[in-house]
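A.B. asks: The sequence and its predicted three-dimensional model are supplied below.
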Amino acid sequence: MFILDFFKTIGRYTLLMKKVFSRPDKWKMTFRQIVIEMETLGLSSLGIVFIISIFIGAIMTIQLKLNTSNPLLPEEMTGYATRDTLLLEFSSTIMCLILAGKVGSNIASEIGSMRITEQIDALEIMGINSANYLIFPKIVAFVLMIPCLVVMSMAVGLFGGYCVGVFSDIISSVAYIGGIQLWFIPYYVFYSIVKSLVFAFIITSVSSYYGYYAYGGALDVGKASTNAVVNSSILILLSNLVITNFMLV
Amino acid sequence: MIELIDVHKTFDGNEVLKGISTTFEEGKTNLIIGQSGSGKTVLMKSVIGLHQIEQGKILYDGRNIPNMNSGQLRELRKEMGMLFQGSALFDFMPVLKNVMFPLEMFSNMTQKEKEERAKFCLQCVNLDPSCFNLYPSEISGGMQKRVAIARAIALKPRYLFCDEPNSGLDPFTSLGIDRLIHDITVEFNMITVVNTHDMNSVMEIGDNIVFIRKGHKEWQGSSANIFNSGNQYLDEFVFASNLNKKIKQANDLIMNN
Ligand SMILES: Nc1ncnc2c1ncn2[C@@H]1O[C@H](COP(=O)(O)OP(=O)(O)O)[C@@H](O)[C@H]1O
Ligand SMILES: [Mg+2]
C-alpha cells in the first residue's frame, strides 16, 4: 500500500511538472508574476535570513572558541571553522530547511486555498494552464533569488562572528578576521550555490504539488501545508547527501 | 447546441451520474434542477471537462469533449464562461482586475480597451462603480456573484455555465441575478446552463428544465408544464414549499371549472 502510494505520488508529481514546464499562455503575464513572486518569496525572506544568520554566526563562533580552548591550537582556528561551516552547510542546507518552513507553507496554503475555493477551476475553465500560470513563476522566481539569499547569509553569518570579537573578549577581532581568510576555497561557495538551486526547486515544486492537489476544506489546506514542509525538508536532506557525494567527495 | 449522450461518472465506486442524455439549446436558459447532492455540480463539471467521464459523449456543436487533447480543450474553453457555486473570484486582485483578467490573458486589446470592456460588463450586472477597486472579500456575496458573472461574460462566451447562481442570496437579489442571466442569454444568443434548486428561478427563467434525481434524468420540459408533469418525484421537489402547493391547488381548481 505504502509503496503504491509512493509511486502514485511520484507519477502525479511528474505529470504536474510536465504541465508546469509547458509554454505559458502569455509570456507577459508570466514575467509579471515572476517579478511579483521574487518579492513575495525572495525579498520578504531577507529579514528572517538576516536575523538567523547573524545570531548563528555569533553563537557558532562563541561555541567553537569555548569548546576548543587548547593552547596548541592557533586562535585563528575559530574563525576558520566558523567560515567553513557557514559556507559548506549552514547558509545553504540549514537556511533552505528554514525557508522550506516559511516559503513552503506559504506556497502550499496559497495554492491549496485557491484549489478548494475553485479558483484553480476558474483558471482552467478560462482555458488557462493553471499549473503553469501559478507554479512556474514561483519556481523561477525562487530559484533566481536563492543565490542572493545564500550569499547574504554567508556574509551576515561571518559578520555575526566578527561582532563577538568586537563586543566581547571571548575572541580577538584580529584573530577572527585572520581566521576567516585562512585557506579560503572559492569552490565551496559555488558548491553551496549549486546545492541551494536544487533545494529552491524542491521547496517550490513540492509545496506547489501539495497545494495543487489539496482536496476538501480549510483543514485540508493546513494538512497540505504541513505535508509540503515535512516532505520538502526530507528531500532537501536526501539531495544534500547526493550532491555532496558528487561535488566534494 | 450541447448534446449529452449517456454520460456516466463514478467517484471511487460511487456512481454519481448513471447515464444522462439531454440537449441544451442556444438562446435559452437550460436549467438542471434537483435536490442537494443529486449530482448537479458533478454533471456541470463533467460537461465542461473538469471531471473526466468514463462513458458517453458530450458534444459542443458536434465537438466531443472526451475525445479532445488538452490543447483542443483549452481552445474550446476560451468560448466558455462559468460562474462557480462559491463565485471563485481571485481574491488577490480587486474587482475590476478580476473582470479584466481573461482579457489580459486572451485578447490583444489595449489597456484602455480592456478597462472599458470590463467596466461595460460590470455595468451589465448593475454593479456600482464605487466597488470596482475593492477586493472580493470586501463586497457582499450577491455582489461577488455579479462580479463573477461579469468575468464570465467578459470574453463574449458562446457557452455560459452557472452553478447555483442564487444560493445564499435574498429573494430580491436572487431574482435580479436570474433575470440578468436570462437577458444576456437572449441578447447574445448564448447557450446557458444553470444549476439550481430554487423554485423561483425555475419559474422565472426555466426555458428548458432537466430534473436530475439520484444520477438519472427523471424529467425534461419547460416551466409551463412543470406543475402537471405527472412525475411523482418531480412533484415532491416542486411542491416542497407551501406556496407552490397553494398555486397547484388554485391551478387545479381553475382547470376543473
Ligand atoms: N470530487 C468528488 N469526489 C468524490 N465524490 C464527489 C466529488 N464531487 C462530488 N461527489 C459526490 O457526488 C455527489 C453529488 O454531488 P454534487 O454534484 O456536488 O451535488 P449537488 O447536486 O448538490 O451539486 C455527492 O454525493 C458527492 O459526495
Ligand atoms: Mg452543487
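C.D. replies: Arrived safely, thanks for sending. Ligands and ions are numbered 1, 2, ... in the order given.
A.B. asks: Mind naming the longest helix for the chain?
C.D. replies: Just going to use chain A. helix A:130-167 (DSSP state H).
A.B. asks: I was after chain B.
C.D. replies: Among the elements of type helix in chain B, defined by DSSP H, the one spanning the most residues is helix B:171-188.
A.B. asks: Give me the sheet partners of the helix or strand just after that helix and which way each runs.
C.D. replies: Tracing the chain C-terminally past helix B:171-188 and defining elements by DSSP states H and E, one meets strand B:191-196 next. Using DSSP bridges, the strands paired with strand B:191-196 are strand B:28-33 (parallel), strand B:159-163 (parallel).
A.B. asks: B:V210: which of those strands is closest?
C.D. replies: Closest of the strands paired with strand B:191-196 to B:V210 is strand B:28-33, at 5.1 Å (criterion: C-beta to C-beta). Heads up, the C-betas are built off the backbone N, CA and C, glycines and all.
A.B. asks: and the angle for the closest one with helix B:171-188?
C.D. replies: Our comparison of strand B:28-33 with helix B:171-188, counting by axes from the mean of the first three to the mean of the last three C-alpha atoms, to 10 degrees, yields an angle of 140 degrees.
A.B. asks: which parts of strand B:28-33 are buried?
C.D. replies: By 16 or more other C-beta atoms under 10 Å in any protein chain shown, the buried positions in strand B:28-33 come out as B:28-33.
A.B. asks: In JSON lines: those, plus pLDDT.
C.D. replies: What follows is the buried residues of strand B:28-33, written out as JSON lines (pLDDT from 0 to 100):
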{"residue": "B:K28", "pLDDT": "89"}
{"residue": "B:T29", "pLDDT": "91"}
{"residue": "B:N30", "pLDDT": "93"}
{"residue": "B:L31", "pLDDT": "93"}
{"residue": "B:I32", "pLDDT": "93"}
{"residue": "B:I33", "pLDDT": "92"}
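A.B. asks: which of these lies closest to B:K78?
C.D. replies: Nearest to B:K78 out of those is B:N30 (C-beta to C-beta; 21.0 Å).
A.B. asks: And that closest one, how far from chain A?
C.D. replies: Taking C-beta to the nearest C-beta, to the nearest Å as the measure, B:N30 falls 17 Å from chain A.
A.B. asks: What pLDDT is listed against the closest residue to that residue other than its chain neighbours?
C.D. replies: Spatial nearest neighbour of B:N30, chain neighbours left out: B:F24 (4.0 Å); criterion: C-beta to C-beta, 6 or more residues apart in numbering or on different chains. Note for B:F24: predicted pLDDT of 93.
A.B. asks: From what I see, B:F24 and B:V193 are in contact.
C.D. replies: Yes. The pair B:F24 and B:V193 qualifies as a contact (C-beta atoms under 8 Å) at a distance of 5.3 Å.
A.B. asks: which residues are in contact with both of these two?
C.D. replies: Any residue near both B:F24 and B:V193 by C-beta atoms under 8 Å, 6 or more residues apart in numbering or on different chains counts here, and that gives B:2, B:30.
A.B. asks: Next one: the helix or strand A:S205 falls within, is it in contact with chain B?
C.D. replies: Following DSSP H and E, one finds A:S205 within helix A:186-212. No. Counting by C-beta under 8 Å from any C-beta of the partner chain, no contacts exist between helix A:186-212 and chain B, the nearest distance being 14.2 Å.
A.B. asks: Please list the residues of chain B that sit near chain A.
C.D. replies: Residues of chain B lying near chain A (C-beta under 8 Å from any C-beta): B:45, B:48, B:50, B:74-78, B:80-82, B:84-86, B:88-91, B:101-102, B:104-106, B:155, B:161.
A.B. asks: how about a cut-off of 7 Å?
C.D. replies: With the criterion set to C-beta under 7 Å from any C-beta of the partner chain, chain B comes near chain A through B:48, B:50, B:74-75, B:77-78, B:80, B:82, B:84, B:86, B:88, B:90, B:102, B:104-105.
A.B. asks: Now list the buried members of the residues you listed.
C.D. replies: Among the residues of chain B next to chain A, the ones that count as buried by 16+ other C-beta under 10 Å are B:48, B:50, B:74, B:77-78, B:80, B:82, B:84, B:86, B:88, B:90, B:102, B:104-105.
A.B. asks: Give me the helices and strands touching the helix holding A:S205, please.
C.D. replies: Helix A:186-212 is packed against helix A:2-20, helix A:95-99, helix A:105-116, helix A:130-167, helix A:218-247, with contacts defined by 3 or more C-beta pairs under 7 Å, 6 or more residues apart in numbering or on different chains; DSSP states H and E.
A.B. asks: still on that earlier bit, so what secondary structure elements neighbour the helix or strand following the longest helix of chain A?
C.D. replies: If you walk from helix A:130-167 toward the C-terminus, the next helix or strand you reach (DSSP H and E) is helix A:173-180. For helix A:173-180, the contact count by 3+ C-beta pairs under 7 Å, 6+ apart identifies helix A:76-85, helix A:130-167 as packing neighbours.
A.B. asks: Can you tell me what sits against helix A:173-180?
C.D. replies: The list of residues contacting helix A:173-180 from outside it, by C-beta atoms under 7 Å, 6 or more residues apart in numbering or on different chains, reads A:61, A:75-80, A:82-83, A:158, A:161-162, A:165-166.
A.B. asks: ok and that helix relative to helix A:76-85, angle-wise?
C.D. replies: Using the same axes, to 10 degrees, the interaxial angle of helix A:173-180 with respect to helix A:76-85 works out to 50 degrees.
A.B. asks: how about the strands of chain B, start to end?
C.D. replies: Ranges of strands within chain B are B:2-11, B:14-24, B:28-33, B:55-60, B:63-64, B:80-83, B:159-163, B:191-196, B:208-213, B:216-221, based on DSSP state E.
A.B. asks: ok, the second one: who's next to it in the sheet?
C.D. replies: When you say that, I think you mean strand B:14-24. Under the criterion DSSP bridges, the sheet neighbours of strand B:14-24 are strand B:2-11 (antiparallel).
A.B. asks: Distance check, the most centrally placed residue in chain A against A:N245.
C.D. replies: Ranked by distance to the mean C-alpha position of chain A (C-alpha atoms, centre = their mean), the top residue is A:C96 at 2.7 Å. From A:C96 across to A:N245, the span is 18 Å (C-beta to C-beta, to the nearest Å).
A.B. asks: ok, now B:S137?
C.D. replies: 49 Å.
A.B. asks: Equivalent analysis for B:H216, please.
C.D. replies: Distance, B:H216 to A:N245, by C-beta to C-beta: 61 Å.
A.B. asks: Much appreciated, bye for now.
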